[in-house]
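In: Need the 3D shape of this:
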Amino acid sequence: MPQRIYSIDSMRIIAMVFVVSIHTDPFEGVGVYGNIVNFLIDTSARFAVPFFFMVSGYFFALKIIQNDPGAYFVERVTSISSIYVFGLFLSFPVFLTEAVVRAGIENRDVVNSATVKLAEFVAPIDLIYYGNSISEILWFLPALLFSFLLIYLFIRAEKTKYLLPVAIGLHSIGLLGASYTMFVDVPFEIRDALFFGFFYTSLGYYISSHDWQPDTERSVLYLGATVLFGALHLGERYVLGYALTEQTVTQSVYSPSYTIGTALLTVSLFLFLLSRPGLGKSTPLPSWGNYAVGVYVTHPPVLFVLQKTSEALGAVGYEISNTIVWHFVLTPATFFGALLVYVGAHKLGVVKIGGTHLPNLRRIQPW
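Out: I've put the predicted structure just below:
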């Protein structure tokens, strides 16, 4: 197996563009054609988060072959935690400031509003496990951390042969609570490690630990499967959102989290990338992949500021949020704005790209 899988490195930054597009909702509400475009983009983008879980699980298995599982697990926990803390530090002042300003505008008690918001920010379960106390977008990092914990427990117990079956069973419950609610009502949060992240991380771990290296000669087959499952994924979401309901694309855009088709699409794409490890090597994409995690943790406050700016302009008579220009601009502005913040933090020495993301006063440099 090659030391570097350029195809996966390249897909990291592409997948991050799709993650940002999920949160910016391009063209939603801009007429029926805008809703159709948004539905297509949102459906296409749903592979991105599962892809990142799979990549993480794949390389976790690859690394523990050469390292002590316990030591490497601690290393991953430290790294993920530092990235999460960095994301929280970025989002915290932005979201708190908005709450205080809004309270002042609405003539509410500013101190009380700030206190309530702070209490929400530090709610233990939401902060540590679900990752949604400050920004719901950051849920991926705690989910990945606890997914690694579950996999490590299976490794320590020497029960990894049960890892994937257990993960599939738990994810089935998660799917029922996310997209197939017509069958059963799941009365608890399912966008977490246990019911979502664990499954995809385990899939990546399983492929790597079983030394499954797809043949390059079969790459066309894997690509065909990706296209086929992508079409099935689109059809499945259309049936769930419109054919089985009284909703139409004119009224709203159906955007549940993930479905069975998501898993099939993500796995086939992942196998295709493994079968073509040199794909993207001659492009800048592999090096851009190093910035994916930074864009992820910095884009929530950037997007929030852009959205609030749009609202402020609307309040003074400049309504831009439903214009075509705004919808064309918002996604790239969020992506490159987040990238600029991340690179700026690195240049200042606040974080180290590829290293720790915990603030270190000794590294911080003035302009």
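In: Look up how far Ala48 lies from the spatially closest residue to Asp25 that is not a sequence neighbour.
Out: Distances taken as Cβ to Cβ, 6 or more residues apart in numbering put Asn38 closest to Asp25, at 6.1 Å, once the chain neighbours are dropped. To be clear about C-beta, it is placed using only N, CA and C from the backbone, and glycine gets the same treatment. Separation of Asn38 from Ala48 (Cβ to Cβ, to the nearest Å): 16 Å.
In: who's more crowded, those two?
Out: Neighbours per residue, other Cβ atoms under 10 Å: of Asn38 and Ala48, the larger number sits with Asn38, 24 against 21.
In: Which secondary structure state does the residue nearest to Asp25 sit in?
Out: helix (DSSP: H, G, I helix; E, B strand; the rest coil).
In: please begin residue numbering at 53 from this point
Out: Sure, I'll start numbering at 53, so the last one becomes Asn90.
In: Could you report the separation of it from Ala390?
Out: 21 Å.
In: gap between the two ends of stretch 335-352?
Out: End-to-end distance for stretch 335-352: 28 Å, by Cα to Cα, to the nearest Å.
In: Off-centre distance for that stretch?
Out: Distance of stretch 335-352 from the chain centroid (Cα atoms, centre = their mean, to the nearest Å) equals 12 Å.
In: could you give the mean pLDDT of that stretch?
Out: Over the span of stretch 335-352, the pLDDT mean works out to 95.
In: Tell me the backbone dihedrals of Asp120, please.
Out: phi -70, psi 130 (degrees, to the nearest 10).
In: Now tell me what touches the helix or strand where Gly287 lies from outside.
Out: Here Gly287 sits within helix 271-290, counting by DSSP states H and E. Contact partners of helix 271-290, identified using Cβ atoms under 8 Å, 6 or more residues apart in numbering, comprise 91-92, 95-96, 98, 266, 306, 308, 311-314, 316-317, 320-321, 323-324, 327-328.
In: in the protein, which helix has the most residues?
Out: helix 121-157 (DSSP state H).
In: residue boundaries of the strands in the stretch 253-402 of the chain?
Out: Ranges of strands in the stretch 253-402 of the chain, per DSSP state E, counting those that start in this stretch: none exist.
In: Where does pLDDT dip in it?
Out: Low-confidence segments of the stretch 253-402 of the chain, defined by pLDDT under 70: 308.
In: In contact with Tyr343, which residues are there?
Out: Contacts of Tyr343 by Cβ under 8 Å, 6+ apart are 65, 391, 394-395, 405.
In: Next one: the residue nearest to Asp77 relative to Gln265, how far apart?
Out: 38 Å.
In: same check, this time on Gly221
Out: 27 Å.
In: Which one's more surrounded, these two?
Out: Gln265 (14 against 11).
In: May I have the phi/psi pair for that one?
Out: phi -110, psi 100.
In: Wait, it touches Leu326, no?
Out: Yes. At 6.6 Å, Gln265 and Leu326 qualify as touching, with contact defined as Cβ atoms under 8 Å.
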